[in-house]
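Colleague: Sequence and predicted structure below; questions after.
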Number of protein chains: 2
Amino acid sequence: MATNPNQVTEDGYVQPVVDVPALTRLLDGEHAALRDKVRAALVEHAGLLVDADEMDRDEFRDRVRDAVVEMAGTGLTASHFPTEYGGGGDFGATVAAFETTAFGDLSALVKIGVQFGLFGGAVLNLGTKRHHDAHLADIAAGRLLGCFAMTETGHGSNVQAIGTTATYDVATGEFVIETPDDSARKDYIGNAARHGTMAAVFAQLVVGGPDGQPQNHGVHCLLVPIRDEAGEPMPGVRIRDCGHKMGLNGVDNGRLWFDGVRVPREALLNRFADVSADGVYSSEIESANRRFFTMLGTLVMGRVSVAGAGISASKVALTVATRYADRRRQFTTDDDQPELLLLDYGQHQRRLFPLLARTYALHFAQDGLRRHFDDVFSGRATSEQVRRDLESKAAGIKALGTWHATRTIQECREACGGAGYLTANRFTALKADTDVFTTFEGDNHVLLQLVAKGLLTDYSSEFGDMSQFELVKFVAGMAVDQVVERTMAHRLIERLRDVLPGDDKWNQESGLLDPTYHLDMLRFREEHMVAGAAKRLKRGIDAGLPAGEVFSRVQDHVIATANAHVERLMLESFIAVFATLPHGDNRVALGLLCDLFALTTIEADRGWFMEHNRLTGNRSKAITREINDLCRKLRPLAVDLVDAFGIPDELLRAEELLTWQ
Amino acid sequence: MATNPNQVTEDGYVQPVVDVPALTRLLDGEHAALRDKVRAALVEHAGLLVDADEMDRDEFRDRVRDAVVEMAGTGLTASHFPTEYGGGGDFGATVAAFETTAFGDLSALVKIGVQFGLFGGAVLNLGTKRHHDAHLADIAAGRLLGCFAMTETGHGSNVQAIGTTATYDVATGEFVIETPDDSARKDYIGNAARHGTMAAVFAQLVVGGPDGQPQNHGVHCLLVPIRDEAGEPMPGVRIRDCGHKMGLNGVDNGRLWFDGVRVPREALLNRFADVSADGVYSSEIESANRRFFTMLGTLVMGRVSVAGAGISASKVALTVATRYADRRRQFTTDDDQPELLLLDYGQHQRRLFPLLARTYALHFAQDGLRRHFDDVFSGRATSEQVRRDLESKAAGIKALGTWHATRTIQECREACGGAGYLTANRFTALKADTDVFTTFEGDNHVLLQLVAKGLLTDYSSEFGDMSQFELVKFVAGMAVDQVVERTMAHRLIERLRDVLPGDDKWNQESGLLDPTYHLDMLRFREEHMVAGAAKRLKRGIDAGLPAGEVFSRVQDHVIATANAHVERLMLESFIAVFATLPHGDNRVALGLLCDLFALTTIEADRGWFMEHNRLTGNRSKAITREINDLCRKLRPLAVDLVDAFGIPDELLRAEELLTWQ
């Protein structure tokens, strides 16, 4: 739907007319053709959205499997595999396809993620040619369905502490996989309950040392067949269904126990470490911690993918709620007049538009993340720092992107009233299916600690005398073993102090829409928070308090720091895209969204900015007024701005919301 | 679980030991015995929680109906009916029982609400003796199941604009009920799809005037049989199932169309208006608007009840998440030490304890609301002002209580990680079932506008020249017709200005835990917001802008005002209860919670307080520090504080979360 030709308001503002196809092209970016192929495939499988409610669980699981295998046949799911195994050697394409696939049924999406991203990714990234030759082609085609068996009931976030063991038996040349107790059972494992025949099992690798004593070399991954051709569990493997879940019931999550299951030595995915036939452990990476995080780092695609999925799900919710609000009327001031459209209410704009602006910001940040990921995995970028930045960025955007999905879907559902509660409209599935995004592929709070770890590590060379290892280990909830570099933190803060004088020097409204101002504000916040968190941690350690106690007291500050960092990244991404746009109405429209994102981000934390003398009360109030003004300007563009997401109508599943009169 | 004997911390703070049974008695209040009866009944029906997942939809609906009818037999569901019809003449008791029933399966709860509160309440409050004699005993016993057919697809919030008509046919002495188009079909109607045999139908009452011209007297309610004894729809009645919903699938919501359905003149619930056999309309209430709101006002029990249900559901979620966090460990600083309990992490305390404190605040506010409701409906309080205050309070606590439920359940689910996503644990049902609470029985935003309407009406006599009717009508999205009284608003603000000097006079931390300070802060915010919203509305009207435009621009301010008002009420309730407690450890524990509620409420809006010079940056930071300190003090008490809610273990349905090692 195009808006009316440009109109000039009384204060001289010229209302832009959005070119929706051009905006869709911008959003689709370098993978536009691929995304259109995915859209077509999703429309073909749109029936999944209804089947999810109408089929019984096992029937729907099989239906989802069939759809996934069919999509695998079209080459949309394993582009990251090498061409010789049926892929395209293109990591970015897989993520782009995944992002777009998230417009459709999310069980199918997550099944794709489990099969090609997690299981396939483990074989690809942790295995070597023998594993690739044996399995990748079958995995790519969906002939071999597998599990990613990392999480245990007792340990989800703290993977280093899992209990499953793989002990090398030199006599037979086999590993013996053992689940020592119920807290070490593998839990919530996709493809385990019904379809998987093999699992990439993470276990503590135990090998006899030179003195004959068994030695634990930490967590490694092995391929373990879990079902025979008849679908029966292999000897020693116990499988239980996780049963019904809040959502994603097309994915067959299950539990796995291993009772002395034997696999050949070659089952070890040995890219980073190996065990010789006579029981000698070797690895090119000497430090056990570094080895662990190197292995884990190769699995970052899961986080990159879920981040994109959360953003896409938000787009679906916003499309339905915005279109509905542009046709639903309720109440009037004047009985002779028709009732007002919901979207003409200021509060309704306030509910939806900041979420829309943040969705765009996340979209552009995700674009950057996906390209960054592609650079690293294609081998174009090789430095340790670039790889580490990728992990931090993936963790941060995954956390903020999935929380954004939870919040946006909830707000949109409420904005659609009672109709939003009916399963015939899509919010039921959107809410239930995305709910787990905030805690799987890394709990969001733990992920933000990982982001903060990076910031603090970079910063911590300031403290010559502090117990850095202990501190940073705890911040991330995990050990680190990496080069420490000094950031420009302090210098930047000094610079910002000049750019952003405190108190009453800001009492004029000018500059509120200046992206430099926005960015300086978010940079100042981030740098100040990093420095403050580091100081508080150091003070606690210096005072001799136990590390756990110190960390517990500063934890909210640490997490706020990571949040500030990611929001700054998001704004930078948005501004960078905006700067490349040709002059025209779409640029104007995106400028409004970018301003709205920046100002609502500042407004949401205006208490902090005032506490730190970066905002006066008057300027803070001016920001709120400006936001309301931006919302009014966006009102006539809103439907176009959601239509530009390019979500096929067949996937909205909101017939009652969007068609009745 | 009792905490350890009192311990004294280094700064002299004596850690209290919570007397859990005594705290439960305080929370249960005057209805303790009744609540225990409900608890026992819920335990008996605990199987519903599992059946909700395992039965198919119609089977589960019948199961829920049977449970509800069984509970009706024990007298727990219709205490508000007169004793001669099987009730106890006790309105407060019905609400108290409903609050406690919300610990159990929420389909059963909502079915009870539909049957005894909405349908039964319409017959009781809008009907007269002929209706009572004919139906109340059958309704109380669950022999006659009925619907409350108010909402239409096209009109949920704006009930005055519904399209269904009831036209009096003087020739036959009947009303003819007509659904003019699909937007006027009755929608989301509980008991309609399967079990209801009668409906209380809201319709525009059309009666021939003295000139013979049909005249619309506005919305009235009539009893219409919708199914015969064989369960078939009555002639002219079309029924369709709303199908699957996000949650509450034990309630058979449906749609109703009426095609010239005829009911006798006596079917009109005629407490407030009647039509004579020869077609003369009469009512003791002259104004159509006042009549409408009087009728609606009698139905306030629904909002009072849902408010309580939201608070109870929050308690269930907090009980599971808190107990889980007190046994679940993850990560350690020191490999020789056991991993830390989640509840020992500062951020985890920050996530759960402010929600716990707000739950207690809401609980005490709800106690006040329920007593207020009982005073009015028992006839002990009769003034128009008391009745109007009740409606405002019910609207406000319903809005904040149900939003609190959505937020709390979400946070608790995330705090339980992947296990929280399994249906075997209770979050799936809690989330899905409570989701609609924010939009049914009045959309929360519309309800807050209703609250604001009252505040602004009281305030608006300040403006002799303003178009008050137009303004206030729009604020509430509905017309008003009531006495305007002047509050002490301006005088209070003056007083508060003295008590709360701005800027640097507040740079000392003393007084942060003074309840007078907390209350003055929340009062100042409320009064300042009311005055500001009124001024902005007046300015817009004076400038000649259309009322819709003016309202749209000020709407976010108006809603924030209502929110501030309700939070002030909550704090007052909490402080009032605290003041009555005997000295002792429970008083100390509740004092910590009350302080935490007050300070987190101020912290959440600290931007506003700083903008208005009621808080300096330093004091604001001190509040944050104080909150973290309160969280640490509450840590050892947290499990006791949730156990005091007295939720039977059988209802937690979180075996995996709370029992595995």
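Modeller: The structure has been received and is ready for your questions. Because the structure is a prediction, the values reported are computed rather than measured. Residues are numbered from 1 along each chain as shown, chains lettered A, B, ... in the order given.
Colleague: Contact residues of the stretch 501-650 of chain A facing chain B?
Modeller: Taking CB under 8 Å from any CB of the partner chain, the part of the stretch 501-650 of chain A that reaches chain B is made up of A:546-548, A:551-556, A:559, A:603, A:606-607, A:610-613, A:617-618, A:620-621, A:628, A:632. Any C-beta I mention is one placed from the backbone N, CA and C, and that applies to glycine too.
Colleague: Among the residues you listed, which lie within helices?
Modeller: Assigned to helices by DSSP state H, the following of these qualify: A:547-548, A:551-556, A:559, A:603, A:606-607, A:610-611, A:617-618, A:620-621, A:628, A:632.
Colleague: Quick one: name the residues of the stretch 201-350 of chain A near chain B.
Modeller: By the criterion of CB under 8 Å from any CB, the positions of the stretch 201-350 of chain A lying close to chain B are A:242-247, A:330-334, A:339-340, A:344-347, A:350.
Colleague: Next step: the residues you listed restricted to helices.
Modeller: Of those, the ones assigned to helices by DSSP H are A:Gly346, A:Gln347, A:Arg350.
Colleague: check contacts around the residue lying closest to the second one once chain neighbours are set aside.
Modeller: Setting aside the residues directly before and after it, A:Gln347 is nearest to B:Gln555 in space (CB to CB, 6 or more residues apart in numbering or on different chains), at 4.1 Å. By CB atoms under 8 Å, 6 or more residues apart in numbering or on different chains, the contact list for B:Gln555 reads A:Tyr345, A:Gly346, A:Gln347, A:Arg350, B:Gln449.
Colleague: these two touch, right, the second one and A:Asn628?
Modeller: Yes - A:Gly346 lies in contact with A:Asn628 (CB atoms under 8 Å); the separation is 6.6 Å.
Colleague: where do the contact lists of the two overlap?
Modeller: When CB under 8 Å, 6+ apart defines a contact, the residues bordering A:Gly346 and A:Asn628 alike are B:Arg553, B:Asp556.
Colleague: where along chain A do the strands fall?
Modeller: With DSSP state E as the definition, chain A shows strands at residue ranges A:7-8, A:14-15, A:146-149, A:165-169, A:174-178, A:186-189, A:198-208, A:214-225, A:237-241, A:254-264, A:274-275, A:281-282.
Colleague: Distance check, A:Thr423 against B:Ala432.
Modeller: 10 Å (CB to CB, to the nearest Å).
Colleague: quick one, which of these two is more surrounded?
Modeller: Legend: neighbour count by other CB atoms under 10 Å in any protein chain shown for A:Thr423 and B:Ala432, higher for B:Ala432 (25 against 21).
Colleague: which non-adjacent residue is nearest that one?
Modeller: On the basis of CB to CB, 6+ apart, the spatially nearest residue to B:Ala432 that is not a chain neighbour turns out to be B:Gly247, at 3.1 Å.
Colleague: Surely the one you found is in contact with B:Thr434?
Modeller: Yes - under the contact definition of CB under 8 Å, B:Gly247 touches B:Thr434, with a separation of 7.4 Å.
Colleague: who touches both of those two?
Modeller: By the contact definition CB under 8 Å, 6+ apart, B:Gly247 and B:Thr434 are jointly contacted by B:Leu106.
Colleague: Below-threshold pLDDT in chain A: ranges please.
Modeller: When residues are selected by pLDDT under 70, those of chain A lie in A:1-6, A:9-11, A:460-510, A:660-661.
Colleague: Show me the domain layout of it.
Modeller: Split into domains by automatic domain parsing, chain A comes to A:7-141, A:146-297.
Colleague: Mind putting the ones you listed into CSV with mean neighbour count?
Modeller: CSV is the format used below for these (neighbours: other CB atoms under 10 Å in any protein chain shown):
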stretch, mean neighbour count
domain A:7-141, 20
domain A:146-297, 19
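Colleague: Look up how far B:His31 lies from A:Leu362.
Modeller: A:Leu362 sits 48 Å away from B:His31 when distances are taken as CB to CB.
Colleague: do the same with A:Val566
Modeller: A:Val566 is 48 Å from B:His31, where distance means CB to CB.
Colleague: next one: A:Ala432
Modeller: As judged by CB to CB, A:Ala432 and B:His31 stand 35 Å apart.
Colleague: And for A:Val386?
Modeller: Taking CB to CB as the measure, A:Val386 and B:His31 are separated by 64 Å.
Colleague: and what of A:Gly47?
Modeller: Looking at A:Gly47 against B:His31, where the rule is CB to CB, the gap reads 51 Å.
Colleague: A:Trp608 too?
Modeller: Counting by CB to CB - A:Trp608 and B:His31 are separated by 44 Å.
Colleague: same question, A:Gln215
Modeller: When distance is defined by CB to CB, A:Gln215 is 64 Å away from B:His31.
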